[in-house]
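> could you work out the structure for the sequence below:
(chains A, B, C and D)
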4 protein chains.
Amino acid sequence: MTVLLVHGDREYLRAPGEELQTDLGVLTVPDDVEPGQRLETHLGDEFVVREPRGPDLFDHFERTGAPMMPRDIGLTIGFTGAAAEDRVLDAGTGTGVLAAYLGRIGTDVVTYERDPEFAEVARENMRLAGVDDAVEVRTGDVTADLDDLTGFDILTLDTEDAPTVVRQAPDILVSGGFVVVYSPFVEGSRAAVEAAEEASLTDVTTHETIQRRMTFDDRGSRPDTRGVGHTGYLTVARWQ
Amino acid sequence: MTVLLVHGDREYLRAPGEELQTDLGVLTVPDDVEPGQRLETHLGDEFVVREPRGPDLFDHFERTGAPMMPRDIGLTIGFTGAAAEDRVLDAGTGTGVLAAYLGRIGTDVVTYERDPEFAEVARENMRLAGVDDAVEVRTGDVTADLDDLTGFDILTLDTEDAPTVVRQAPDILVSGGFVVVYSPFVEGSRAAVEAAEEASLTDVTTHETIQRRMTFDDRGSRPDTRGVGHTGYLTVARWQ
Amino acid sequence: MTVLLVHGDREYLRAPGEELQTDLGVLTVPDDVEPGQRLETHLGDEFVVREPRGPDLFDHFERTGAPMMPRDIGLTIGFTGAAAEDRVLDAGTGTGVLAAYLGRIGTDVVTYERDPEFAEVARENMRLAGVDDAVEVRTGDVTADLDDLTGFDILTLDTEDAPTVVRQAPDILVSGGFVVVYSPFVEGSRAAVEAAEEASLTDVTTHETIQRRMTFDDRGSRPDTRGVGHTGYLTVARWQ
Amino acid sequence: MTVLLVHGDREYLRAPGEELQTDLGVLTVPDDVEPGQRLETHLGDEFVVREPRGPDLFDHFERTGAPMMPRDIGLTIGFTGAAAEDRVLDAGTGTGVLAAYLGRIGTDVVTYERDPEFAEVARENMRLAGVDDAVEVRTGDVTADLDDLTGFDILTLDTEDAPTVVRQAPDILVSGGFVVVYSPFVEGSRAAVEAAEEASLTDVTTHETIQRRMTFDDRGSRPDTRGVGHTGYLTVARWQ
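Here you go, the predicted model:
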């Protein structure tokens, strides 16, 4: 199991047996490392061992683009009710944070990434997250394999050709299964909705999420004066 | 396993062996019912059998108050990275939708509900959701038991005395564990933040979520003219 | 001057000399009526006389469609700095609330309405608001007259062919003048932006406004659980 | 009349007779300067002359703090229907952008600023804006003068002791007059609402405004990924 080594603000993800070298000194992660342990560098500085959680994966995965944020991943799980033992088909792996979250909640994920280098990074990220058994990263275009992809509970799409896949959703999904399309753009969301309606999916909705932090200080309580920007629209639909 | 019986817009949650009586006729759910099956009433009308998913539980649970919405449940999972085998302590069970979602993603939940009747309804809801093994609904006040509650990965609070529990979070949570407080009110969120800071929790943030649906029609694309109102603030903090 | 006759929640707009007949009795507005006076019906019920203000016009104008809301009118004034003695060209008069507000802040407005019946209602509304000297309602299509329309400080458009007019903005506006396009739709706003850029307008921005009411009660403070929906996007641009 | 001298992105506010010295050379603004003219520096570079508009005042006034934004000023005008010949009482002048906007739409403004240096800057800003006849900047605390302040159509407050003034609104305002309180904080807004209710004002509402820019490019249309933060709540109430 990969662990997070934490010292104040600094955090490093390392597998058992791996070495950590920083200006605080060098340490080797024991093979039997356990969360909660404290490891000391040769200079005597201490790191706390933590099991990495979802938000840590977002922070520490090697990135091959802007990963989906914990907020949008959470909304995807909330809207679909993704649950342990669900089978999920995901396209547009990218950094793989969504796939890793899905693997961590016990689903069985097949995810497609067209860029072979990105796919390789995503595979390594799945190993780091300890979900390489749950998440199969396939290199290639999901549209090439659609004829063989069936019996999934959930279909998550973060690709430009999402509408093509949505049109096939009735063959991909079990009855009651959900498709979620993430798109930063109005046009992409609109195309996803049109594809979902063409395919006779039901409960088709597109959600826009605006999230702000609150600031509490001596003067009072208010939304943050720093804004939080747009990430993407989530289009959700269901196959009867 | 409880199943969802679906005919057009109508949906009913029933256990194997139970009877469904509607104006479409009567049917009995077979003991070996399977999702995807079609069951016929004595009048010849057909119901499709579905495995109920998270959003179905939100729709069909017996309610003892306004349940947390799939959106806020999803955000709670996204912000905490709740995952299979996590131990979750939840207070303010209410209808139990959050607990059921958490059970469905493989976590082990202990949830406290002060109102004995609400607790009983929640237990029945857990049975309906098939997560009664994963979710233990305790009748009573979590603050009475705090001395014995330890080693949890996640603490979720939807009660008025949440700040009292937050102050104990360092004893309840493992290193790296998260607390989430749901409160409709600014004052409740502020009190949660102050408690988190007193307890030396880190990464303390309060999030306000505004979500709108998009409308796509022949005239164009736009946010819905019907608004979506406020649900609650989510305050998130972490124990180092 | 038209006045507002107010009794509790009831309000009526009447000109001097006009009669008000309600179940509270009959009264005739004196020719020398003054705000602050109290007028009595023949049954002895009292109405307070008020000078109607902008929001009253929004409430009491005869409507020929959904009028622009005080909020969007205010934003239009804020973004353009519309001021007394400005010359404003407005197209898509509709009910005329924007035109009346502009007349009330001392601008000189020429406004085009294609529908002759709507134009007639708008003219009557301008009389009610006491701004018929300031606001000229022309029946017809502004695009037919563009060659003769020049020297305006501000151009406000709430029509489907707004982009056509925006492309002519450099001939219509003085240096430093502003154009504002109100559109409910993303596509309409995008087309307005493209037209503004083609016409070499500067400072081109599209603003989306989400507004919520706060609720303060004994339990605490929070945004309203009833949502406020989308009205329109405001696209603003300036001619150098 | 003060004019804006514009050369590309550079803009300077100068009165007739004043000199402009920049690296583009020196020029003196003629006494009979007119908007639309082009003035040349001694090095041959040209500046266009513009009449400054509301947003220019926001950009070019000397600041004594964060001024109210054109958006919130516009909303204040929209919610109150402020119009030419209205009498406005304003407290918390600050930089004076709100007062200048109000002067520019023909209202007669009395504004209070406690800090004598700020008041002096505000007076100079009113001169720059050409509204020194319309806006009287008084140095001092409005609460000291409340007994003499009466007959106002609109009361605008951006001070910490706004609730004290709100409680006096019935004596300050004419029937149908509006009060607007601007506060960045929930607590300040709540106190304003409570004061308005104590004073039997009607139509008491607090509005929170979230505004985002839209981005239109070759990939599509979407809200800006840069967020726009919170400015302030606007509490509006009316005296019957």
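
> going forward, measure contacts between C-alpha atoms and count neighbours the same way
Fine.

> in chain A, mark out all the strands, start to finish.
A:3-7, A:10-14, A:19-22, A:25-28, A:38-40, A:46-50, A:87-91, A:108-113, A:135-139, A:152-157, A:173-183, A:202-217, A:220-223, A:233-238 (DSSP state E).

> mean neighbour count, mean pLDDT and distance to B:Thr93 for these - can I get that in TSV?
As requested, the strands of chain A are exported to TSV (neighbours: other CA atoms under 10 Å in any protein chain shown; pLDDT from 0 to 100; distance: least, CA to CA, whole Å):
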stretch	mean neighbour count	mean pLDDT	distance to B:Thr93
strand A:3-7	21	93	32
strand A:10-14	16	91	34
strand A:19-22	13	94	43
strand A:25-28	17	96	44
strand A:38-40	17	94	35
strand A:46-50	22	94	29
strand A:87-91	26	98	29
strand A:108-113	25	98	29
strand A:135-139	21	98	32
strand A:152-157	26	98	27
strand A:173-183	26	96	27
strand A:202-217	19	93	25
strand A:220-223	19	93	28
strand A:233-238	26	97	27
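
> now those strands in a markdown table, with distance to chain C?
Output for these, formatted as a markdown table (distance: least, CA to the nearest CA, whole Å):
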| stretch | distance to chain C |
| --- | --- |
| strand A:3-7 | 37 |
| strand A:10-14 | 36 |
| strand A:19-22 | 47 |
| strand A:25-28 | 49 |
| strand A:38-40 | 43 |
| strand A:46-50 | 37 |
| strand A:87-91 | 28 |
| strand A:108-113 | 31 |
| strand A:135-139 | 36 |
| strand A:152-157 | 23 |
| strand A:173-183 | 16 |
| strand A:202-217 | 10 |
| strand A:220-223 | 10 |
| strand A:233-238 | 14 |
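
> can you put those in a markdown table and add distance to D:Gly177?
Output for the strands of chain A, formatted as a markdown table (distance: least, CA to CA, whole Å):
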| stretch | distance to D:Gly177 |
| --- | --- |
| strand A:3-7 | 60 |
| strand A:10-14 | 58 |
| strand A:19-22 | 67 |
| strand A:25-28 | 70 |
| strand A:38-40 | 67 |
| strand A:46-50 | 61 |
| strand A:87-91 | 59 |
| strand A:108-113 | 62 |
| strand A:135-139 | 65 |
| strand A:152-157 | 54 |
| strand A:173-183 | 47 |
| strand A:202-217 | 33 |
| strand A:220-223 | 28 |
| strand A:233-238 | 43 |
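
> which one of the ones you listed lies nearest to B:His60?
For the strands of chain A, the distance to B:His60 is smallest for strand A:173-183, at 14.6 Å, taking CA to CA.

> what lines up beside the closest one in the sheet?
strand A:152-157 (parallel), strand A:233-238 (antiparallel) (DSSP bridges).

> what's the domain layout of chain A?
Annotated domains of chain A cover A:3-51, A:56-238 [automatic domain parsing].

> got those domains as JSON lines, with distance to D:Val204 columns?
JSON lines is the format used below for these (distance: least, CA to CA, whole Å):
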{"stretch": "domain A:3-51", "distance to D:Val204": "46"}
{"stretch": "domain A:56-238", "distance to D:Val204": "20"}
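
> partner residues bridging the residue nearest to A:Arg238 when sequence neighbours are not counted?
Leaving aside its chain neighbours, A:Arg238 sits nearest to A:Phe178 (4.5 Å; criterion: CA to CA, 6 or more residues apart in numbering or on different chains). A:Phe178 has the following beta-bridge partners by DSSP bridges: A:Ile154, A:Arg238.

> so A:Phe178 sits against A:Thr205, correct?
No: with contact defined as CA atoms under 8 Å, A:Phe178 does not count as touching A:Thr205 (11.6 Å).

> now the common contact residues for those two.
Here A:Phe178 and A:Thr205 have A:Val236, A:Ala237 as joint contacts, going by CA atoms under 8 Å, 6 or more residues apart in numbering or on different chains.

> how about the residues of chain A by chain D?
A:184-188, A:219-231 (CA under 8 Å from any CA of the partner chain).

> let me know the pLDDT of A:Gly227.
pLDDT for A:Gly227: 66.

> ok, and the closest non-adjacent residue to the most centrally placed residue in chain A?
Nearest to the geometric centre of chain A sits A:Leu98, at 1.5 Å (CA atoms, centre = their mean). Leaving aside its chain neighbours, A:Leu98 sits nearest to A:Ile73 (5.9 Å; criterion: CA to CA, 6+ apart).

> A:Gly177 contacts B:Pro35, doesn't it?
No: at 11.2 Å, A:Gly177 does not count as touching B:Pro35 under the criterion of CA under 8 Å.

> what is the burial count for whichever residue of chain A sits closest to chain C?
Residue nearest to chain C within chain A: A:Val186 (8.0 Å; CA to the nearest CA). Neighbours of A:Val186 under the rule other CA atoms under 10 Å in any protein chain shown: 23.

> contacts only, for it.
A:Tyr233, B:Ser221, C:Val186, D:Gly220, D:Ser221, D:Arg222.

> give me the outermost residue of chain A relative to its centroid.
Farthest-out residue of chain A from its mean C-alpha position, per CA atoms, centre = their mean: A:Arg219, at 37.9 Å.

> can you tell me which residues contact that residue?
By CA under 8 Å, 6+ apart, the residues touching A:Arg219 are D:Phe185.

> contact partners for A:Met69?
Neighbouring residues of A:Met69 by CA under 8 Å, 6+ apart: A:Phe58.

> phi and psi next, for it.
Backbone torsions of A:Met69, given as degrees, to the nearest 10, read phi -80, psi 150.

> mind pulling up the pLDDT for it?
95.

> any idea what A:Leu234 is bridged to?
Going by DSSP bridges, A:Leu234 forms beta bridges with A:Tyr182, A:His207.

> for stretch A:52-72, the distance to its chain's centre please.
With CA atoms, centre = their mean, to the nearest Å as the basis, stretch A:52-72 stands 7 Å off its chain's centre.

> would you mark the buried spots in it?
Buried residues in stretch A:52-72, counting neighbours by 16 or more other CA atoms under 10 Å in any protein chain shown, are found at A:52-58, A:60-64, A:67-72.

> now the terminal residues of it, how far apart.
With CA to CA, to the nearest Å as the measure, the first residue of stretch A:52-72 is 19 Å from its last.

> stretch A:152-169 now?
Termini of stretch A:152-169 sit 9 Å apart (CA to CA).

> who touches that stretch?
Stretch A:152-169 has contacts (CA under 8 Å, 6+ apart) with A:80, A:82, A:86-93, A:142-143, A:146, A:172-174, A:176-183, A:188, A:191-192, A:194-196, A:198-199, A:239.

> what does stretch A:190-203 give?
A:162-164, A:166-170, A:181, A:204-206, A:235-240, B:216, B:221.

> which of the contacts of A:Val186 sit farthest apart?
Taking CA to CA, no two of those sit farther apart than A:Tyr233 and C:Val186, at 14.1 Å.

> so what's A:Ile172 up against?
By CA under 8 Å, 6+ apart, A:Ile172 lies in contact with A:Leu146, A:Leu149, A:Thr150, A:Gly151, A:Phe152, A:Leu155.

> distance of it relative to A:Thr143?
Distance, A:Ile172 to A:Thr143, by CA to CA: 12 Å.

> ok, A:Val48 to B:Phe79 distance?
As judged by CA to CA, A:Val48 and B:Phe79 stand 21 Å apart.

> and the pLDDT at A:Val193?
A:Val193 is given a pLDDT of 98.

> tally up the residues packed near it, please.
A:Val193: 24 neighbours (other CA under 10 Å).
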